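Chemist: Compute the structure for the input listed below.
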Amino acid sequence: MDKDTFKSQLSVLNCLKKYKVVLGSNSPRRRELLAGLDINFEVQTIAGIDESYPETLEAKEIPVYLAKKKAEAYLSTMPEDELLITADTIVWTFDQILGKPKDREEAIEMLRKLSGQVHEVITGVCLTTKEKMVSFAATSSVHFAELEEEEIIYYVDKYRPFDKAGSYGIQEWIGYVAVESINGSFYNVMGLPVRLLYQQLKNF
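Modeler: Predicted coordinates for the structure are as follows:
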């Protein structure tokens, strides 16, 4: 039995048949993770979305706020039958956000801060149609081992993690050698809490 036949038998996601599912993200990790749910979707992106947020927000509110902000950029052109998925991920440590590093030196400095520490990875997700918007967040705590300076420089120079919050991708070399433990979803650290997303889609 081929994969498409299996998809047609997954009745728990029959609610999606009336929608064209769109992922509003350039992230290859999010594309990979959403594809792993056996959901047919296409990718659409809008350049230049403002990702600023009020300084009064708590850490867990920030990625949800940004996921909603991304969704709002699509609303005016969305057709009635479209279901849009937007997301934002932040790394939170020492009461500050580590976003995407702007250059090599900032990437190295971020990994120095994470070395030997526990940090939180928080992903906010927004599901949007013309009539409905549902948002939620997931948090994972990640414990990094102590990293040698040589290891940090090796990772940054070889993997160039400039498109990743906190300057690292857990699915890459750094995840193999640095992550001692995770409390929460591994996939959330990659950028999309797929189990929670699946449950929300079933109930959408």
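Chemist: can you list the weak-confidence ranges in this structure?
Modeler: Residues of the chain meeting the criterion pLDDT under 70: 1-12.
Chemist: one more time with 90, if that's ok
Modeler: Counting by pLDDT under 90, the chain contains low-confidence ranges at 1-18, 38-39, 99, 202-204.
Chemist: Just give me the residue right at the centre of it.
Modeler: Against the mean C-alpha coordinate of the chain, by Cα atoms, centre = their mean, the closest residue is Gly191 at 2.4 Å.
Chemist: residues contacting that residue?
Modeler: For Gly191, the contacting residues are Ser27, Arg29, Arg30, Leu33, Ala87, Thr89, Thr123, by Cβ atoms under 8 Å, 6 or more residues apart in numbering. For every residue, glycine as well, the C-beta is placed using N, CA and C.
Chemist: Pretty sure the fifth one sits in a strand.
Modeler: Yes: when DSSP: H, G, I helix; E, B strand; the rest coil is applied, Ala87 is found to be in a strand.
Chemist: Report the separation between it and Asn188.
Modeler: 10 Å (Cβ to Cβ, to the nearest Å).
Chemist: which neighbours do these two share?
Modeler: Thr123.
Chemist: so where do the strands sit in the chain?
Modeler: 20-23, 42-43, 82-93, 96-98, 118-128, 133-144, 179-183 (DSSP state E).
Chemist: got those as a markdown table, with mean neighbour count columns?
Modeler: Compiled in a markdown table, the strands of the chain are given as follows (neighbours: other Cβ atoms under 10 Å):
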| stretch | mean neighbour count |
| --- | --- |
| strand 20-23 | 18 |
| strand 42-43 | 12 |
| strand 82-93 | 23 |
| strand 96-98 | 16 |
| strand 118-128 | 23 |
| strand 133-144 | 19 |
| strand 179-183 | 13 |
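Chemist: isn't Met110 right next to Ser167, touching?
Modeler: Yes: with the criterion set as Cβ atoms under 8 Å, Met110 and Ser167 qualify as a contacting pair; they are 4.0 Å apart.
Chemist: what touches both of those two?
Modeler: Overlap between the contact sets of Met110 and Ser167, as judged by Cβ under 8 Å, 6+ apart, is given by Leu98, Pro101.
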